[in-house]
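Enquirer: output the structure for:
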Amino acid sequence: MIPSLALAVSVLALTISGMTAWRTLFHRGRLCITRPSIVAFRYEPPDPTGDPKIIVRTLLYTSGKRGHIVETMYLKVRRDQSTYVLGFWGYGDQPKSLLAGSGLRVGEDGVVYNHHFLPLKGQSGLQFEPGSYVVEVYASVVGKRSAVRLYTLRLSLSNDDAEVLSDKANVILYSLEPETREYRASVMSQ
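Expert: Next up is the predicted model:
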């Protein structure tokens, strides 16, 4: 009886050790983001020829110990029946110290940045007109064959806010309300 109990305990201990090794040494987990706390619609540069730009403030993190390497990020923006891709990605907290996105290690503790998205040259078409917007955040991750959709936002741009954005020096800032978990738009001038 005792040898079979010892064998069962040994098998259980080996199983737990194997699962722990899997979770801590080998398993990467999923790349995730928190719900963005701030989203901004603006033009870059803020002049009549500026391209539409969307800024998203969020925490990127992974559910595993090993982490992930993000090659690039991009946005798909849908309004009405049109879809636009903002394929240029930069990140950083200060506009003068932005880094062009080309590799970012994301560990279990995560990284918080303002992520700036612009259309690639010659691919715009997006204008901030009144209506409902669906903004999807994607990341291309080393080791994955296709991009991973990280988050989907739904925002609304009112007629008044679209009029404010016609002056390309203005910014529409969507802030997340902590209790309602909805975005509230406000106007900022550059």
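Enquirer: pick out the residue closest to the middle of the chain.
Expert: In the chain, the C-alpha nearest the mean C-alpha coordinate belongs to Val137, at 4.9 Å (C-alpha atoms, centre = their mean).
Enquirer: what strand or helix carries it?
Expert: strand 131-141 (DSSP states H and E).
Enquirer: and what of Leu12?
Expert: Using DSSP H and E, Leu12 falls in helix 2-21.
Enquirer: and that helix, C-alpha only, in CSV?
Expert: C-alpha atoms of helix 2-21 as CSV (Å, rounded to 0.1, in the frame of the first residue of the first chain):
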residue,chain,number,x,y,z
ILE,A,2,2.8,2.5,0.9
PRO,A,3,4.8,2.0,-2.3
SER,A,4,1.7,2.7,-4.5
LEU,A,5,1.0,5.9,-2.4
ALA,A,6,4.6,7.0,-2.8
LEU,A,7,4.3,6.3,-6.6
ALA,A,8,1.1,8.3,-6.8
VAL,A,9,2.6,11.3,-4.9
SER,A,10,5.7,11.1,-7.1
VAL,A,11,3.6,11.1,-10.3
LEU,A,12,1.6,14.0,-9.0
ALA,A,13,4.7,16.0,-8.1
LEU,A,14,6.3,15.3,-11.5
THR,A,15,3.0,16.4,-13.2
ILE,A,16,2.9,19.7,-11.2
SER,A,17,6.6,20.3,-12.0
GLY,A,18,6.1,19.7,-15.7
MET,A,19,3.1,22.1,-15.7
THR,A,20,5.1,24.7,-13.8
ALA,A,21,8.0,24.4,-16.3
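Enquirer: tell me the phi and psi of the closest residue to Leu118 other than its chain neighbours?
Expert: Nearest non-adjacent residue to Leu118, counting by C-beta to C-beta, 6 or more residues apart in numbering: Phe88, 4.3 Å away. C-beta here means a position set from N, CA and C on the backbone, and glycine is covered the same way. Per-residue torsions, Phe88: phi -90, psi 130 (degrees, to the nearest 10).
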